[in-house]
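[1] Quick one, what's the 3D model for this:
(one chain, ligands or ions: 2)
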Amino acid sequence: MSGMANLEELDRRLAEKWISGIWRIPAGARPGDPKTKIQPHLWKWADIHDALLQAKDQIKPERGQAERRTIRLVNPGAKDTEMTSHTLLFAFQLIQPGEVAPPHRHTMSAIRFILQGKGAYTNVDSQKMVMEDGDLILTPRWAWHEHAHEGAEPMIWIDGLDVPFIQSLQVISFEPFPGERMPLSEPRYDTSAYGLARPVTGDNDKPNPPLHYRWKDIYPALKKLAEGEPNAYDGYAMEYVNPLTGGPTLPTLSCGIQLLKPGQRTQSHRHTSTVLYHAFRGRGTTVIGGQEFKWEQGDNFVVPLWHWHEHANTAASEDAILFSMNDAPVLKPFGLYREEAGQPQMGL
Ligand code: GTQ
Ligand code: FE2
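    Residues are numbered from 1 along each chain as shown. Ligands and ions are numbered 1, 2, ... in the order given. Modelled structure (predicted):
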């Protein structure tokens with residue numbers, strides 16, 4: 001018998017016993033650089049908005065049904081999971097006046113970034129947070145939450161979640177609230193000013209309280225930042241921090257907001273974190289791995305890990321503002337976050 005036949009025979013016998021030799025892994029399957037299945041991609045606002053309007057009358061946010069009227073951005077490289085990246089999900093939610101998206105909790109953490117409308121609120125852990133354009137609201141893991149709409153026009157926001165990461169750890173739990181509505185407590189603290197002043201008893205032992213970062217506070221801070229020197233790779237950029245730790249927005253995901261002045265371009269870099277972007281204001285171009293993506297208000301795109309990328313505001317007189325969410329918090333504690341500066345790719 002030849003040596004090859006012997007090896008095949010060995011592999012077959014091992015497989016019967018649920019054992020496998022490392023020699024079966026081709027040498028080429030060990031890349032020198034991080035490799036991801038996630039593809040650079042851009043989703044147009046018109047398509048997202050159309051999808052929500054089409055779902056508006058057919059889907060109700062009812063208990064036992066979908067519970068939420070949301071649509072998600074599916075990365076072409078993640079057709080199996082229908083997620084936006086291997087770690088993160090961007091979904092868009094629409095709620096109609098008078099509707100209640102029923103209360104539940106889950107091991108996934110969520111953020112809401114508000115895009116359109118007036119008069120809805122989210123109740124997280126019995127704290128009422130009224131939603132306004134540009135606000136960022138946190139729903140930490142396992143916190144009870146419901147959404148309700150007391151206004152007169154449909155409201156739309158982004159749901160950012162860590163679903164695929166939590167799924168990869170196989171620790172998804174979901175629980176409906178025992179009751180039709182959650183209680184609303186008297187305000188226990190100011191969810192916007194928690195980092196500056198918080199109660200000395202009760203809630204201050206929670207590592208991730210529900211927090212509300214209001215656009216009316218963030219935007220002036222961003223404009224103030226833009227009076228100084230920009231970051232080479234991100235322009236005038238801020239992170240939404242956990243005021244208790246100075247660390248990331250939530251343990252599994254972090255959010256950012258960045259401004260690019262008219263004509264401003266950033267330098268190219270890459271990192272092992274993956275970033276989902278939403279063009280909140282203005283328009284521009286982002287080059288990702290040599291591919292140009294033109295965006296305007298409402299569009300969304302993903303920068304997969306280890307892909308070179310650079311941004312440009314292509315408008316003559318309007319600021320561009322990008323909201324983003326990244327998975328760096330699940331890399332950094334294990335020393336897996338790396339970044340590199342690169343050469344310009346943009347042929348603008
Ligand atoms: O609003 O609670 O997009 O639980 C996905 C799962 C939104 C929500 C989503 C959710 C929610
Ligand atoms: Fe939820």
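[2] Quick check: mean pLDDT of stretch 46-59?
    Per-residue pLDDT over stretch 46-59 has a mean of 96.
[3] scratch that, stretch 71-78
    98.
[4] and it, how far out from the chain's middle?
    Here stretch 71-78 is found 13 Å from its chain centre; the criterion is CA atoms, centre = their mean, to the nearest Å.
[5] Please enumerate residues in contact with it?
    Contact with stretch 71-78 is made by 36-39, 41, 43, 48, 51-52, 55, 82-86, 89-92, 164, 276, 300, 302, 304, as judged by CB atoms under 8 Å, 6 or more residues apart in numbering. All C-beta atoms are positioned from the backbone trio N, CA, C, and that covers glycine.
[6] could you pick out which of these are near ligand 1?
    Restricting the contacts of stretch 71-78 to those near ligand 1 by CB under 6 Å from any ligand atom leaves residue 91.
[7] Are any of the contacts of stretch 71-78 buried, and if so which?
    Among those, the ones that count as buried by 16 or more other CB atoms under 10 Å are 36, 38-39, 41, 43, 48, 52, 55, 83-86, 89-92, 164, 276, 300, 302, 304.
[8] Any chance you could list what contacts stretch 328-335?
    With contact meaning CB under 8 Å, 6+ apart, stretch 328-335 is reached by 87, 162, 165, 247-248, 250-254, 271-273, 337.
[9] which parts of that stretch are buried?
    328-331.
[10] Let me have the residues you listed in JSON lines, extended by distance to ligand 1, secondary structure and pLDDT.
    Output for these, formatted as JSON lines (distance: CB to the nearest ligand atom, whole Å; DSSP: H, G, I helix; E, B strand; the rest coil; pLDDT from 0 to 100):
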{"residue": "328", "distance to ligand 1": "22", "secondary structure": "helix", "pLDDT": "98"}
{"residue": "329", "distance to ligand 1": "19", "secondary structure": "helix", "pLDDT": "98"}
{"residue": "330", "distance to ligand 1": "19", "secondary structure": "helix", "pLDDT": "98"}
{"residue": "331", "distance to ligand 1": "23", "secondary structure": "coil", "pLDDT": "98"}
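[11] which among those residues gets closest to residue 114?
    Ranked by distance to residue 114 (CB to CB), those are led by residue 329 at 22.4 Å.
[12] ok, the residue lying closest to the closest one once chain neighbours are set aside - how many residues close by?
    Residue nearest to residue 329 in three dimensions, not counting chain neighbours: residue 248, with 4.1 Å by CB to CB, 6 or more residues apart in numbering. By other CB atoms under 10 Å, the residues close to residue 248 number 20.
[13] Let's verify residue 248: helix, strand, or coil?
    On the three-state scheme (DSSP: H, G, I helix; E, B strand; the rest coil), residue 248 is labelled coil.
[14] Show me what from the stretch 51-200 of the chain comes close to ligand 1.
    Contact residues (CB under 6 Å from any ligand atom) of the stretch 51-200 of the chain with ligand 1: 68, 70, 91, 93, 101, 106, 110, 145, 159, 161.
[15] now the residues you listed in a markdown table, with secondary structure?
    Shown next, in a markdown table, are those (three-state DSSP):
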| residue | secondary structure |
| --- | --- |
| 68 | coil |
| 70 | strand |
| 91 | strand |
| 93 | strand |
| 101 | strand |
| 106 | strand |
| 110 | strand |
| 145 | strand |
| 159 | strand |
| 161 | strand |
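[16] Out of the residues you listed, which comes closest to residue 206?
    Set against residue 206, the nearest of these by CB to CB is residue 145 (14.6 Å).
[17] wait, isn't that closest one in contact with residue 126?
    No. Look at residue 145 against residue 126 with CB atoms under 8 Å: they stay out of range, at 9.7 Å.
[18] In contact with residue 186, which residues?
    By CB under 8 Å, 6+ apart, residue 186 has no neighbours at all.
[19] Tell me the pLDDT of it.
    We note a pLDDT of 80 for residue 186 in this prediction.
[20] residue contacts, the residue nearest to residue 96 when sequence neighbours are not counted?
    Distances taken as CB to CB, 6+ apart place residue 154 nearest to residue 96, at 5.5 Å, with adjacent residues excluded. Shown in contact with residue 154 (CB under 8 Å, 6+ apart): 56, 94-97, 116-117.
[21] Repeat that for residue 221.
    Neighbouring residues of residue 221 by CB under 8 Å, 6+ apart: residue 238.
[22] try the one 5 residues further on
    Counting by CB under 8 Å, 6+ apart, residue 226 touches 236, 259, 261, 319.
[23] Could you identify which of these has the most neighbours?
    Neighbour counts for the contacts of residue 226, by other CB under 10 Å, peak at residue 259, which reaches 24 neighbours.
[24] That one: which element?
    strand 254-260 (DSSP states H and E).
[25] Against which helices or strands is that strand packed?
    On a contact count with 3 or more CB pairs under 8 Å, 6 or more residues apart in numbering; DSSP states H and E, strand 254-260 meets helix 215-225, strand 236-239, strand 309-313, strand 320-326.
[26] So which bits of the helix or strand following it are buried?
    Once the chain leaves strand 254-260, the next helix or strand it forms, by DSSP H and E, is strand 269-271. For strand 269-271, burial by neighbour count (16+ other CB under 10 Å) applies to 270-271.
[27] for the helices and strands packed on strand 254-260, which one sits closest to residue 15?
    Closest among these, using CB to CB: strand 320-326, at 39.9 Å.
[28] can you tell me if the closest one touches ligand 1.
    No. If you take CB under 6 Å from any ligand atom as the test, strand 320-326 misses ligand 1, and the best it gets is 12.9 Å.
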